[in-house]
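In: Task: produce atomic coordinates for the following.
(chains A, B, C and D)
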Protein chains: 4
Amino acid sequence: MKLSVIYDSKTGNTKQAAEWIAEGMNGVDGVTARAFGIGDVDEEFVKASSGAVIGCPTYAALMTADMRAWLLEKAGKLGFAGKLGGAFATEQYSHGGAEIVIQSILTNELVFGMLCYSGGASRGKPVIHLGPVGVNGNAEAHNGMEKYRSNFIIYGERFAEKASELFVK
Amino acid sequence: MKLSVIYDSKTGNTKQAAEWIAEGMNGVDGVTARAFGIGDVDEEFVKASSGAVIGCPTYAALMTADMRAWLLEKAGKLGFAGKLGGAFATEQYSHGGAEIVIQSILTNELVFGMLCYSGGASRGKPVIHLGPVGVNGNAEAHNGMEKYRSNFIIYGERFAEKASELFVK
Amino acid sequence: MKLSVIYDSKTGNTKQAAEWIAEGMNGVDGVTARAFGIGDVDEEFVKASSGAVIGCPTYAALMTADMRAWLLEKAGKLGFAGKLGGAFATEQYSHGGAEIVIQSILTNELVFGMLCYSGGASRGKPVIHLGPVGVNGNAEAHNGMEKYRSNFIIYGERFAEKASELFVK
Amino acid sequence: MKLSVIYDSKTGNTKQAAEWIAEGMNGVDGVTARAFGIGDVDEEFVKASSGAVIGCPTYAALMTADMRAWLLEKAGKLGFAGKLGGAFATEQYSHGGAEIVIQSILTNELVFGMLCYSGGASRGKPVIHLGPVGVNGNAEAHNGMEKYRSNFIIYGERFAEKASELFVK
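Out: You can find the predicted model right below:
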């Protein structure tokens, strides 16, 4: 089963997060996951995927303009309907709005006809409510992407396990 | 396969919407759907359901206090994890905030570990982006619940079809 | 006192809404309001304005990509900090997500340092919770922009009255 | 000029945040700020206040049921229309949904007719996009309320300065 992680990244933090999610997915039996920047998507791989997790940095408490444009212009052609959908984000401050970004991406995924899933509180700790967030260390010295590494990996595992349960018969 | 529709209703509009959704669900082969007010939920039926659609009126552009309390206090005990989740709302004005209510209910459902689904643009017209909304006729004379009847029924059908596809082997 | 209405419009519905808001504003003593498409903004007029109302159509339950790009690339240079901020949207279905768009625009305005205001329930009926919405007649025959005309005008009046109260000494 | 901070707190973290905001407010000349739990509000003080900042913990990525009930049942009687409004939240994980809670409280404040303000990026660093968030140390060892103390104080200062600018003639 194939799974895709698709990201917009400006400084590398969100790319790193995407790769951790794919790493978590690839740890699940039978799963082949790959991460793609929005400018470099392997469309055939995405179309053949059973699920996609989409993420971007938080700009002014909302998604980036490039992600907004990509979702409207390109994503509609990738056959997302019926696939499992997830979302993640990065931000510079804990209050920066990353969960609003995740909520917006999931909203768009629902309009694509995706099945959205995070696992939430049902998978034990860490509870990952809507999707994982990385607070990079640019503005809050006590934060930094490494502190969120395990959340991204665990989220990828949970997402891949659910996709396997649903789509591998 | 059982499906539940759960609602908070103050004047009957949201109850009506819930019953239309259940009607749409019951039109799908093999589905038995029932609608319950939050004060009168058949917990065994809900636990045995493969999916649940939850809705309420819009108060001050957000969900009702009773629905907020019910989601936190009762819904956690109903085994929602892994079930298909949907949401709907009613409002008095087209600008009243019903979609924000739907987005919030779906957010809570994700935390329960549900798979959220609307069908969105993937099921043709009417596009039902996040969930159906009924604008009652209290404040906008050109509106009224009857005008939204078919949206609720179609949404129920689509939801039941997806639940059947996922969970009836 | 100057006030600006800034819009992204694809088919003319949102432009029409913007002009109605400006019409309502211009009915308030001492106010000169103008409406601008995002590709044709009179930057000096906007900078000299005491408030700005921003709106766009709803695409996939979120704001348009052009509005997202404009807010991030251009709006930051228009000196919005401290100005009164408002928002509006159009949609094709009552459930299309216009209030989510309005909430997102207001969110971005707060990051600009604006004072956000709708009047809400404090100005009597029609209650305009977050901002006015026009449901165009493309998908719902009982709707159509004309049915929302008075909401846009009243919203413009209320916004201009509040701006006058705050900023005209 | 009086300013109020109103909170729902379960374990003391949100109460602590509220007191820091009030401390920041009280550092501004001419301001008397007090913090109240929702069960112990001095209604005369709140009515006489020029602004109110409202906050609560994040439960299932949304506001608490008690805050939702309080906003609908009690807050409407406190004459919030025209006052400056702000919001804050606490959460157990950086991805817990605190910004969604803040966005919801601000949404309700707009319906009350308040002027919402955060300062956002216009006041320099720290950028406080919508309102301050405290990630308590329950689930993320590298976090803890003390790490967010200065954000709450600075937010209180900025809010009080804006209220003074607007309402002290």
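In: Any residues of chain A in contact with chain D? List them.
Out: A:60-61, A:92-100, A:102-103, A:120-121, A:125-133, A:135, A:139-140, A:142-143, A:147-148, A:151 (C-beta under 8 Å from any C-beta of the partner chain). All C-beta spots, glycine's among them, are computed from the backbone N, C-alpha and C.
In: Can you narrow the residues you listed down to the ones near chain B?
Out: Within the residues of chain A next to chain D, those near chain B by C-beta under 8 Å from any C-beta are A:103, A:120-121, A:127, A:129-130.
In: show me where chain A has helices.
Out: For chain A, applying DSSP state H gives helices covering A:13-26, A:43-47, A:65-73, A:98-111, A:149-167.
In: Determine the set of other helices and strands touching the first one.
Out: Of the remaining helices and strands, those touching helix A:13-26 by 3 or more C-beta pairs under 8 Å, 6 or more residues apart in numbering or on different chains; DSSP states H and E are strand A:2-7, strand A:32-37, strand A:49-59, strand A:84-91, strand A:133-135, helix A:149-167.
In: Distance of residue A:16 relative to residue D:143?
Out: 20 Å (C-beta to C-beta, to the nearest Å).
In: who's more crowded, these two?
Out: residue D:143 (24 against 21; other C-beta atoms under 10 Å in any protein chain shown).
In: picking up where we left off before, most tightly surrounded among the helices of chain A?
Out: The highest mean neighbour count among these, using mean count of other C-beta atoms under 10 Å in any protein chain shown, belongs to helix A:98-111: a mean of 28.
In: Rebuild the helices and strands packed on helix A:13-26 as a markdown table, extending it with distance to residue B:74 and mean pLDDT.
Out: Formatted as a markdown table, these follow (distance: least, C-beta to C-beta, whole Å; pLDDT from 0 to 100):
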| stretch | distance to residue B:74 | mean pLDDT |
| --- | --- | --- |
| strand A:2-7 | 34 | 98 |
| strand A:32-37 | 37 | 98 |
| strand A:49-59 | 31 | 98 |
| strand A:84-91 | 27 | 98 |
| strand A:133-135 | 29 | 98 |
| helix A:149-167 | 25 | 98 |
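In: Quick one, which of these gets closest to residue C:45.
Out: strand A:49-59 (26.2 Å; C-beta to C-beta).
In: Is the closest one in proximity to chain B?
Out: No. If you take C-beta under 8 Å from any C-beta as the test, strand A:49-59 misses chain B, and the best it gets is 11.1 Å.
In: That strand packs against which elements?
Out: strand A:2-7, helix A:13-26, helix A:65-73, strand A:84-91, helix A:98-111, helix A:149-167.
In: need the helices of chain A in a markdown table with distance to residue A:86, can you?
Out: Putting the helices of chain A into a markdown table (distance: least, C-beta to C-beta, whole Å) gives the following:
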| stretch | distance to residue A:86 |
| --- | --- |
| helix A:13-26 | 8 |
| helix A:43-47 | 14 |
| helix A:65-73 | 14 |
| helix A:98-111 | 8 |
| helix A:149-167 | 5 |
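In: still on that earlier bit, could you dump the helices and strands packed on helix A:13-26 to JSON lines with distance to residue B:107?
Out: Putting the helices and strands packed on helix A:13-26 into JSON lines (distance: least, C-beta to C-beta, whole Å) gives the following:
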{"stretch": "strand A:2-7", "distance to residue B:107": "22"}
{"stretch": "strand A:32-37", "distance to residue B:107": "25"}
{"stretch": "strand A:49-59", "distance to residue B:107": "17"}
{"stretch": "strand A:84-91", "distance to residue B:107": "12"}
{"stretch": "strand A:133-135", "distance to residue B:107": "14"}
{"stretch": "helix A:149-167", "distance to residue B:107": "16"}
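In: Could you point out which of those sits nearest residue C:71?
Out: If we rank the helices and strands packed on helix A:13-26 by C-beta to C-beta, the stretch that ends up nearest is strand A:49-59, at 9.2 Å.
In: Centre of the chain to the closest one, how far?
Out: 3 Å (C-alpha atoms, centre = their mean, to the nearest Å).
In: Tell me which strands that strand pairs with, and in which orientation.
Out: strand A:2-7 (parallel), strand A:62-63 (antiparallel), strand A:84-91 (parallel) (DSSP bridges).
In: For the last one, C-alpha coordinates in CSV please.
Out: Looking back up the chat, that one is strand A:84-91. Listed next in CSV are the C-alpha coordinates belonging to strand A:84-91 (Å, rounded to 0.1, in the frame of the first residue of the first chain):
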residue,chain,number,x,y,z
LEU,A,84,-7.5,8.6,3.9
GLY,A,85,-6.5,12.3,4.7
GLY,A,86,-4.4,13.8,7.3
ALA,A,87,-2.6,17.1,8.0
PHE,A,88,0.2,18.7,9.9
ALA,A,89,1.9,22.1,10.3
THR,A,90,4.8,23.9,11.7
GLU,A,91,4.9,27.3,13.4
